[in-house]
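# give me the fold of what follows.
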Amino acid sequence: DNKTTIAFTVSSSSNLENHNNQRIVYDKVITNIGNGYNKTTGIFTCPVSGTYVFTWSTMSRTEKQYCYASIYHKGHKLMMSHSYDGGGYEVASNTMVLSLKVDDDVWIGTTHGKYCYGYPYTGFSGWKL
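So this is what the prediction gives:
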């Protein structure tokens, strides 16, 4: 259904520390039109097939505090963002367009990191075109 609106924006209410190979669970839901995002699991499950845009951002702090975050589709890592060691505050973001079918899942996970700020600096959004 091309006229169905699906959109979400979420953030994490807490900072992430020493996060390795884990899904980021964004528990602060700002928008969840269509109820595709689950704040308990951190997974967006596609309710309507179509083309979707996803964007995410992370912010790390000071030297040797870094965050590698990737987008996963059906368990496969597709793209990554990386904030690292700038001597201050480093922001990283990325955007991806995906063709999804009903029940496809998408989430953001870390491969490794020492520190990543939560709300309002780290977020995940998606919407159906």
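# what sits against the nearest residue to residue 48 once chain neighbours are set aside?
Using C-beta to C-beta, 6 or more residues apart in numbering and skipping the chain neighbours, the partner closest in space to residue 48 is residue 4 (4.8 Å). Yep, even glycine has a C-beta here, placed from its N, CA and C like the rest. Each residue near residue 4 by C-beta atoms under 8 Å, 6 or more residues apart in numbering is listed here: 34, 47-48, 128.
# top of those by number of neighbours, please.
Sorting the contacts of residue 4 by how many neighbours each has (other C-beta atoms under 10 Å) puts residue 128 first, at 22 neighbours.
# ok, and the closest non-adjacent residue to that residue?
residue 6 is the one closest to residue 128 (C-beta to C-beta, 6+ apart), at 4.1 Å.
# count of neighbours near residue 36?
If you count neighbours by other C-beta under 10 Å, residue 36 ends up with 22.
# what sits against it?
Applying C-beta under 8 Å, 6+ apart, we find residue 36 in contact with 6, 8, 44-47, 126.
# before we move on, the earlier item: so the residue nearest to residue 128 sits against residue 34, correct?
Yes - under the criterion of C-beta atoms under 8 Å, residue 6 makes contact with residue 34 at 3.8 Å.
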